[in-house]
Structure formats: structure tokens, C-alpha cells
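>>> test case, fold it:
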Amino acid sequence: MISTAIILAGGLGTRLRSEVPDLPKCMAPVNGQPFLAFVIGYLQKEGVKHFVFSLGYKSDVVIEYIDHNYPQLHKTFVVEDEPLGTGGALQLAVSGLKDKHVVVVNGDTLFNVDIAKMYTRHVSKKSDCTIALKRLQNFSRYGTVEVSKDHRILKFQEKKPCKDGYINGGIYMLNLKVLQHNKLQPPFSFEKEFLEAKVENLGFYGYKSNTYFIDIGIPEDYKKFTAHSKTVLSKAKQTAKNNGDDLGAFFSLLEGIASFFK
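Purely as a prediction, here's the structure:
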């Protein structure tokens, strides 16, 4: 089972600056707590024990928040001295790990995937990297992913208007040996210069999930999550009165009212 998660949270978040001008994207406030709290809550729910925070822009804000609010969390902070891109940041984050496989998530994305089931797929396919895929309709913000009948990823398509398709949901199950044996010179993009560039040579597989997905990277979706989560959190607090586990109740309720978010 996967016990270590890497949270990529070092980006500048320039597209979100109009709403969150002075904070890293992952610290965007959502009804009294940063978006990062939802990411951590999700990973804890999925059984993750060790959290590796890959940081850059205003890393001190994130570190202070984590140290103050999660004093018992088994955590490691990896801070880039200069922008390394998602690929360079990931290479740096895994350099001290001894795990065979890790799960990688983005600090500005919440995709309520069943990590245990995703890991089973990852191992059964002897996958170099397994990517969580989300089906969307009528979108242009994301590129699409072409997958074979046996779940192997065949091709990544460029962004363009699309009526229906699967997108890269930003959760990766990664065999660390593969990343270590295919090192690139940073800065580089994990998505573009590793996944897309090596899709024909390495074994990448998809894991399709219809669970809740949000990427707060643009103001429209950030506002959407803030507004909708207020309703879910309100219900969660009522559900969690006995144990105070608001976020635990939040995720328990999330899929039951997922249609509300669409």
C-alpha cells in the first residue's frame, strides 16, 4: 500500500492572483481554512502516513501553517531555491525517499480518487506511472488523454475545445526507479517533458474515476469550490458534532452530493 504522498505546491499561481494576491495557491482561503487542508484531509482519509511538501513560492507561509496546525503529522519539507518546474521539483522531492512507489498530487487540485484501488491497478499493470483520469464534458481548459482497452495511455492531446473526453486529473502513482533512471535537467515540466515525451517508451497507465474533481487554478473554479464547499462543510459539521472531524465528514458527504458540484 502507498504510505508516502508528495504534494506539489511550489507554483507561483499567477492566474489566481486576482483572488489570492499574497499567498501560494495551495493556501487560498476556503471558508476559514486553506485549500491545502482539504488536500491533506483527503490523503489522510486514503491512508497516507508520510507527507512530503514540495515548496517554492512563499514556502514559509506553508511551513508555518503546517507546523502550527499539524504538529503530529509525519512531514518533510523540500524547498526549491529557484523555480525547477513540476518535474525538477518532483525529482528534488523524491531524492531522499526509500519508497518503491509514491502518490503525487497537486496542491491546487482535489480529486477524490480511491488510492488503494488505483495502487492495485498500478501494481497489476507493472506500471511506470499510473495517472488518475477524470471524464469531463464541454471543456477547453485541459488536454485529453487517449487510453487503450487495457488502460495503457497511448497519447496526450493538446488543449482544444472538447465535447467529451478524459483529462489528466493530477494524481500520479509513480515508480520511483523510473524517475531516477530518466533524470532530466531542471527546470522542466513533469507533464510535458516526462509524461508526454516518454509515453511511447515507458509504461504509463490510466485509472478512470468519476469521483469529485476540482482544480482551483483559475478564479472561476476557485469561487465555485468556495461556494459549494460551504454547503458541504455546513452539513459535515452537523454530522461531525460527536467527534469534531469536520473534514472526515466532508469527504463522507462529498460523493453523496457530487452532482451539486457539476
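>>> helices of the protein, start to end?
When assigned using DSSP state H, the helices of the chain occupy the ranges 35-45, 59-69, 85-94, 115-124, 176-181, 197-198, 219-239, 246-254.
>>> and the fifth one, C-alpha only, in CSV?
I take that to be helix 176-181. What follows is helix 176-181 as a C-alpha-only set of coordinates in CSV (Å, rounded to 0.1, in the frame of the first residue of the first chain):
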residue,chain,number,x,y,z
LEU,A,176,10.5,6.0,-8.2
LYS,A,177,13.1,3.9,-10.1
VAL,A,178,11.6,5.0,-13.4
LEU,A,179,12.0,8.7,-12.4
GLN,A,180,15.5,8.1,-11.1
HIS,A,181,16.6,6.3,-14.3
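>>> got TSV for the helices of the chain, with distance to Lys100 and mean neighbour count too?
(Glycine included, C-beta is placed from N, CA and C.) TSV is the format used below for the helices of the chain (distance: least, Cβ to Cβ, whole Å; neighbours: other Cβ atoms under 10 Å):
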stretch	distance to Lys100	mean neighbour count
helix 35-45	18	21
helix 59-69	26	15
helix 85-94	11	22
helix 115-124	10	17
helix 176-181	6	14
helix 197-198	19	16
helix 219-239	34	16
helix 246-254	27	19
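>>> looking at those helices, which one has the lowest mean pLDDT?
Per-segment confidence across those bottoms out at helix 246-254, which has a mean of 68 in mean pLDDT.
>>> related to what we said a few turns ago, closest to Tyr166 out of the helices of the chain?
Closest of the helices of the chain to Tyr166 is helix 115-124, at 14.5 Å (criterion: Cβ to Cβ).
>>> if we can go back for a sec, of the helices of the chain, which is nearest Phe204?
Across these, Phe204 has its closest neighbour in helix 197-198 (7.9 Å, Cβ to Cβ).
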